[in-house]
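Engineer: build me a model from this:
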Amino acid sequence: MIKWILQRFRRDRGLHKATVRIDFFPDDQVTPHIYWQRGQNQEKDTVSLVVYSYARFLYELAELNEVRVARELMGFLEQVCKRVLTNEGPPRRPQLPLGQLRLIRDPGLPALRTYKVHFYELSGGDYRLEYHGSLGKEGFYLPGAFLALMQSCLDNLADETLRQLAQSLTRLHDYYRLRRDFWEGGSLSSGPAYALGEGELKAADERIEA
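Structural biologist: Here you go, the predicted structure:
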């Protein structure tokens with residue numbers, strides 16, 4: 001009986017696959033990193049990690065009553081994705097307006113604030129995420145953290161991978177508009193799963209107005 005009860009409450013914690021980490025340093029310097037623990041195709045898997053991280057950052061903004069900031073970030077990223085996908089040939093690689101933030105290599109100094117998303121791969125192929133973030137001015141730092149990560153992708157991903165990332169982010173925005181919004185806990189997994197797949201939303205789904 002005890003063994004049966006323990007099995008009921010035992011959770012598949014999954015294998016630690018990677019950690020997305022964005023560090024902020026003095027003088028508004030920021031450094032995004034993806035630290036891999038395992039992964040045979042890191043280039044391709046980067047798309048999944050970035051999409052899931054984006055969904056989590058939007059959710060955190062909503063939890064902190066920064067829904068307006070989250071919507072502004074979504075609107076801006078939609079324009080970025082359109083620019084990336086404009087050409088039939090190689091995707092465009094725009095330089096994002098980061099304002100006072102400066103994207104740099106790791107300066108070797110202690111970070112002033114850090115945002116981390118740990119990814120654990122479950123037996124069924126899904127992800128379990130653990131989020132850790134600094135507190136204070138998230139309406140500025142959380143969007144800045146993702147934009148720094150996105151700029152790193154624009155600079156470094158291969159053409160086809162970057163195109164896939166832009167398409168997946170576009171599909172994620174479609175999901176939030178047509179099915180449910182980013183502040184619902186269930187969308188943290190179902191939204192990215194749709195964005196990374198090839199299925200279509202049902203026409204009967206209600207549109208959520210911005």
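Engineer: in this structure, which ranges drop under the pLDDT threshold?
Structural biologist: Across the chain, the ranges flagged by pLDDT under 70 are 1-12, 39-40, 124-125, 179-182, 185, 201-210.
Engineer: mind giving me the packing neighbours of the longest helix along it?
Structural biologist: Ranked by number of residues, the top helix in the chain under DSSP state H is helix 42-63. Counting contacts by 3 or more CB pairs under 8 Å, 6 or more residues apart in numbering; DSSP states H and E, helix 42-63 packs against strand 15-25, strand 29-36, helix 67-84, strand 113-121, strand 127-133, helix 138-156, helix 159-178, helix 187-196. (C-beta placed from N, C-alpha, C; glycine too.)
Engineer: and those as a markdown table, adding mean neighbour count and distance to Asp106?
Structural biologist: Shown next, in a markdown table, are the helices and strands packed on helix 42-63 (neighbours: other CB atoms under 10 Å; distance: least, CB to CB, whole Å):
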| stretch | mean neighbour count | distance to Asp106 |
| --- | --- | --- |
| strand 15-25 | 20 | 7 |
| strand 29-36 | 18 | 5 |
| helix 67-84 | 17 | 25 |
| strand 113-121 | 20 | 12 |
| strand 127-133 | 16 | 18 |
| helix 138-156 | 20 | 12 |
| helix 159-178 | 19 | 23 |
| helix 187-196 | 20 | 27 |
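Engineer: redo those as CSV? Include distance to Val47.
Structural biologist: Below are those laid out as CSV (distance: least, CB to CB, whole Å):
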stretch, distance to Val47
strand 15-25, 12
strand 29-36, 11
helix 67-84, 13
strand 113-121, 13
strand 127-133, 13
helix 138-156, 9
helix 159-178, 5
helix 187-196, 7
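Engineer: relative to Gly99, which of these is closest?
Structural biologist: Among the helices and strands packed on helix 42-63, the nearest to Gly99 by CB to CB is helix 138-156 (7.8 Å).
Engineer: list the contacts of that closest one.
Structural biologist: For helix 138-156, the external contacting residues (CB atoms under 8 Å, 6 or more residues apart in numbering) are 20, 22, 24, 30-32, 46, 50, 53-54, 57, 60-61, 64, 66, 69, 72-73, 77, 80, 84, 93-96, 98-99, 101, 103, 113, 115, 133-134, 162, 165.
Engineer: name whatever forms a beta bridge with His33.
Structural biologist: His33 has these beta-bridge partners by DSSP bridges: Arg21.
Engineer: next up, the contacts around it.
Structural biologist: His33 neighbours (CB under 8 Å, 6+ apart): 20-23, 106.
Engineer: list the buried ones in the longest helix of the chain?
Structural biologist: The neighbour-count check on helix 42-63 (16 or more other CB atoms under 10 Å) flags 45-62 as buried.
Engineer: distance from the chain centre to it, please.
Structural biologist: 2 Å (CA atoms, centre = their mean, to the nearest Å).
Engineer: now do it and strand 29-36, the angle between them.
Structural biologist: Orientation of helix 42-63 against strand 29-36 (axes from the mean of the first three to the mean of the last three CA atoms, to 10 degrees) gives an angle of 120 degrees.
Engineer: circling back: wait, which of the contacts of His33 is closest to Glu198?
Structural biologist: Of all these, Glu198 sits closest to Val20, with 24.3 Å by CB to CB.
Engineer: from Arg38, how far out is that closest one?
Structural biologist: As judged by CB to CB, to the nearest Å, Val20 and Arg38 stand 15 Å apart.
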